[in-house]
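A.B. asks: sequence first, then the predicted structure, then my questions.
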Amino acid sequence: MNVIDKSIHADQQKAISDQLAVFALDLTFDAIPEKIRERSKYLMLDAIGIAYASQGFHFAGATMAAMTSLGAGASPVIGYGRKLSPRDAALVNGVLAHGLDYDDTHSPGIIHATVSSLPLVLALGDDLKIPGRDFLTAYIAAMETSTRLASVAKGGFHQVGFHPTGLIGIFGCTLAASRLLGLDRERTAMAQGIALSMAAGSLEFLNDGAWTKRMHPGWAASSAITAATLAKHGFIGPRAAYEGRFGLFASHLGTHMAGADLALATKNLGKSWQIDEVAIKPIPACHFAHASADAAVALSKSVKPGDIRSVEVLVPAEVIKTVCEPVENKRTPANSYDAQFSIPYIVATGLLRGRFTLDELEDKAIGDREVLALARRINYAADPASTFPKHYTGEVIVTLNDGQQVRHREGINRGCSDRPLSNAEIESKYFDNACRLLTRERAERVRDAVVGIDRGSVPTLGDVLAQAAE
C-alpha cells in the first residue's frame, strides 16, 4: 500500500472534501502510471489545438476584448500573448479550448474536464514558475477528482438543467490550485467549501444557442484560483461541500439525488485512473450526437438524398433534452453552437454531405436549404438498447420513398474508452486544428513543448503557447 493509499484509507470516515484533499496534495509524479502521464499530455495537446482553431470565430475575439478591458497582466493566453492576469487568462483559455465543443469528454461523468483543468494549471503554474512534472501532476489531480465527482450524479445534472463542466470543474481545479499554492489539508477542505458557492453552469443556452456554455470551464478555473487563495488566507468554507444537507449534490440534483452514488467521488483514488475513461471527439459537436453522426455518414454512401422520405434517430433517453428538444429549434439552428447540439442538423448534414467538420459550422452551411429541408423530416425516439452513459449510442433509420427502410447503428461511439483514438490520431487532429491558425513549423514547436512538458518548465510552455500567430 503506497503513501496515498494509506492516507485515504485512514481518512475514509471523513468528509469527501477531506479525502479528496489527501489525494490531491499527496499525489506524486512517480505514483502516476507512465501510460496515464503520456495520455494526459495528448489530452492537453488536443485542447490546445482546439484553442488555436477557435481564434477564427467571433466569440474568441469578443472574450479577449472583454477581459483585456478589465485589466492587464503577464499570464499566457494561447495565441494572444502575455496580456492578462492569471484568473482572466484562465477564463479566456477555457473559452478557447471549449468554444468549438470539440474537446474531450469523460464518458461516465459527462464532463469536459481538460478545458478547466488545463487553463487552471497553466495560469497558476506559469505564475508560480513550477517545473513541468509538477504541472502534469496537478493537471492529473484535477482530472481525477473532477471526473469522479461528476460521475456521482450518473447523468442527473443534465436532467435538472446543469452543465457538469462548469458546475463540477471548479472542484477539481480548486484541488489542483490548493496543491500548487501550497495549502495544507485543512485549508484545501475549506477551499472546496468556498468553491461550492461559486459553482455554476446552466443549460439554458440550449434554447437559443447562446454563448454561455463556452465560458463554463474557464469560469470554473478562474473561480478556483479565487477559492483556493481565500482559503490560503484563512477564509472558512463549509466542510460538507458535497454530502451536506445543502451540499453540491442535494442542492443541484433534486429528485435525481436518489440515483446518485456518493461513493464514486473517492472510489479507487490512486489505484484506478479516470483518464482512461476520457473520450476524444472525432467531430466538432456535442458528444451525445457522435454515434448518430457517424451512422448518418455511413448511410450517405448508399442512400441518395432524393430517395429519402423521412428519418428517425434513436438516441439515449437521457440526452433527448440536450440534442433533440425543443424540436423546432433543433430543426432550424440559429447559429453554429445551436447546430452542434442539434440531432436533426447533424444527421441531415451527415446524410447529405457525408461528413461533419468545422466547415459545417460556417454560416453558409447552417443556412443550406437542402440540409434544413431534410432536418425538418427528422424525428427522434429513445434508444431501447442504449448503454448510456458508458456509451453514447446512436441509430439512424431512413425510410425511403418506396417505403423501404435502411438503418445503421453505432453502439459504441468512436473515441470513447472502448473505441479510443490513439495518441497518433489525437496528434493528427491537433495539427488539423492548430494549422487553421499556425504554420506547420509553429504547430510542431507547440506539440514538442506540450509532449515534452515533464522535461521542461511551465513558463517555457507559456511562452510557446502565448506567441501570436505568424
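C.D. replies: Cool, the structure landed.
A.B. asks: tell me how far the residue nearest to the spatial centre of the chain lies from A231.
C.D. replies: Residue closest to the average C-alpha location in the chain (C-alpha atoms, centre = their mean): H112, at 1.6 Å. According to C-beta to C-beta, to the nearest Å, H112 and A231 sit 25 Å apart. Bear in mind the C-beta positions are built from the backbone N, C-alpha and C, glycine included.
A.B. asks: that older thread, contacts only, for the residue nearest to the centre of the chain.
C.D. replies: Applying C-beta atoms under 8 Å, 6 or more residues apart in numbering, we find H112 in contact with H98, D103, D104, T105, H106, T165, G169, P217.
A.B. asks: please apply the same query to A296.
C.D. replies: So A296 contacts I346, V347, A348, T349, G350, L351, V396, H408 (C-beta under 8 Å, 6+ apart).
A.B. asks: who does the helix or strand where the first one lies touch, helix- and strand-wise?
C.D. replies: This points to I346. Using DSSP states H and E, I346 maps to helix 343-353. If contacts are counted by 3 or more C-beta pairs under 8 Å, 6 or more residues apart in numbering; DSSP states H and E, helix 343-353 sits against helix 290-300, strand 308-315, helix 327-331, helix 336-340, helix 369-375, strand 378-382, strand 394-400.
A.B. asks: in contact with R376, which residues?
C.D. replies: R331, T332, P344.
A.B. asks: from these, pick the one nearest H290.
C.D. replies: P344 (15.3 Å; C-beta to C-beta).
A.B. asks: isn't the closest one up against V327?
C.D. replies: Yes - in this structure, P344 is within contact of V327 by C-beta atoms under 8 Å, at 7.5 Å.
A.B. asks: which one of those two has more residues nearby?
C.D. replies: P344 (28 against 15; other C-beta atoms under 10 Å).
A.B. asks: ok, A298 touching H408?
C.D. replies: Yes - in this structure A298 lies within contact range of H408 using C-beta under 8 Å: 4.6 Å.
A.B. asks: so which of these two has more stuff around it?
C.D. replies: Applying other C-beta under 10 Å to A298 and H408 shows that H408 carries more neighbours, namely 21 against 17.
A.B. asks: any idea which element that one lies in?
C.D. replies: Counting by DSSP H and E, H408 is part of strand 405-410.
A.B. asks: buried residues, that strand. List them.
C.D. replies: H408, R409, E410 (16 or more other C-beta atoms under 10 Å).
A.B. asks: which one of these is nearest to T137?
C.D. replies: Nearest member of the buried residues of strand 405-410 to T137, counting by C-beta to C-beta, is E410, at 35.9 Å.
A.B. asks: the closest one contacts L299, doesn't it?
C.D. replies: No - using C-beta under 8 Å, E410 is not in contact with L299, being 11.0 Å away.
A.B. asks: now do the shared contacts for the two.
C.D. replies: Joint contacts of E410 and L299 (C-beta under 8 Å, 6+ apart) do not exist.
A.B. asks: any chance you could map the helices in the stretch 1-150 of the chain?
C.D. replies: Per DSSP state H, counting those that start in this stretch, the stretch 1-150 of the chain carries helices over the ranges 3-10, 16-26, 34-54, 58-69, 86-98, 114-128, 132-152.
A.B. asks: and of these, who's closest to A373?
C.D. replies: Set against A373 and scored by C-beta to C-beta, the helices of the stretch 1-150 of the chain come closest in helix 58-69, at 27.4 Å.
A.B. asks: what about the closest one, average pLDDT?
C.D. replies: Across helix 58-69, pLDDT averages out at 97.
A.B. asks: which other helices and strands does that helix contact?
C.D. replies: strand 81-84, helix 86-98, helix 212-232.
A.B. asks: okay, those in TSV with mean neighbour count, distance to D18 and mean pLDDT next?
C.D. replies: Output for the helices and strands packed on helix 58-69, formatted as TSV (neighbours: other C-beta atoms under 10 Å; distance: least, C-beta to C-beta, whole Å; pLDDT from 0 to 100):
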stretch	mean neighbour count	distance to D18	mean pLDDT
strand 81-84	19	34	96
helix 86-98	29	26	98
helix 212-232	26	13	98
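A.B. asks: among the ones you listed, which comes closest to I426?
C.D. replies: helix 86-98 (14.2 Å).
A.B. asks: returning to that earlier point: could the helices of the stretch 1-150 of the chain be laid out in CSV, adding distance to P316?
C.D. replies: CSV is the format used below for the helices of the stretch 1-150 of the chain (distance: least, C-beta to C-beta, whole Å):
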stretch, distance to P316
helix 3-10, 33
helix 16-26, 28
helix 34-54, 24
helix 58-69, 29
helix 86-98, 22
helix 114-128, 23
helix 132-152, 16
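A.B. asks: looking at those helices, which is nearest to G247?
C.D. replies: Comparing these by C-beta to C-beta, helix 16-26 comes nearest, at 8.8 Å.
A.B. asks: mean confidence for that closest one?
C.D. replies: 98.
A.B. asks: elements contacting that helix?
C.D. replies: helix 3-10, helix 132-152, helix 164-180, helix 185-196.
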